[in-house]
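Colleague: model this:
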Amino acid sequence: MIAGVDPDSITVLHNRMPQSQRKLAEAEAISRFGKPAPAGNWLLLTNQVAEAGLDISAPFVATDPAPVDTLVQRAGRCARWFRDGPVKGQFIVIDGPNKKGRGQLVAPYKPNPA
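Modeller: I've put the predicted structure just below:
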């Protein structure tokens, strides 16, 4: 539960959901964030499944630190199109906790990927 947020306004979509549940979550995400969707006060909690697999747009996107190619994909979901007029999109990267001692990277990212 997120304080002050109506639970019915939240869509959770994760790539490891059972297929039947994931299909329903994808349909809900598209109905709320897709081109034909009306503007609304929605919240989508998702992972990389939304980076390139869904044609969605949101005026605000927050993400965890990630490799730059991943960040570009995620940023591409921010203000992709306008519904009722111009939108000022905002994309932020939230620092992870306790980065000291890990070369300033947050798990699961490694300083020297193989």
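
Colleague: distance of the residue nearest to Gly34 when sequence neighbours are not counted relative to Ile10?
Modeller: Spatial nearest neighbour of Gly34, excluding adjacent residues (Cβ to Cβ, 6 or more residues apart in numbering): Ile56 at 5.7 Å. For the C-beta atoms, the positions are set from N, CA and C on the backbone; glycine is no exception. Remark: distance between Ile56 and Ile10 (Cβ to Cβ, to the nearest Å) = 15 Å.

Colleague: those two - which one has more neighbours?
Modeller: Neighbours were counted for Ile56 and for Ile10 using other Cβ atoms under 10 Å; Ile56 has more, 21 against 15.

Colleague: pop out the phi and psi values for the more buried one.
Modeller: Main-chain dihedrals, Ile56, degrees, to the nearest 10: phi -130, psi 160.

Colleague: give the contact list for it.
Modeller: With contacts defined as Cβ atoms under 8 Å, 6 or more residues apart in numbering, Ile56 is in contact with 29-30, 33-34, 44, 50, 77, 80.

Colleague: list the buried ones in the helix ranked longest in the chain?
Modeller: Ranked by residue count and defined by DSSP state H, the top helix of the chain is helix 19-33. Residues of helix 19-33 classed as buried: 25-26, 28-30, 32-33 (neighbour count, 16 or more other Cβ atoms under 10 Å).

Colleague: right, and Thr46 touches Met17 too?
Modeller: No - taking Cβ atoms under 8 Å as the definition, Thr46 is not a contact partner of Met17, at 10.3 Å.

Colleague: okay, these two: which has more neighbours?
Modeller: For Thr46 versus Met17, neighbours defined as other Cβ under 10 Å are more numerous around Thr46 (21 against 15).

Colleague: count of residues packed around the residue nearest to the more buried one when sequence neighbours are not counted?
Modeller: Distance criterion Cβ to Cβ, 6+ apart; nearest residue to Thr46, sequence neighbours excluded, is Leu13 at 4.3 Å. Using other Cβ under 10 Å, Leu13 is surrounded by 22 other residues.

Colleague: for Pro36, give its distance to Asp55.
Modeller: From Pro36 to Asp55 the distance is 11 Å (Cβ to Cβ).
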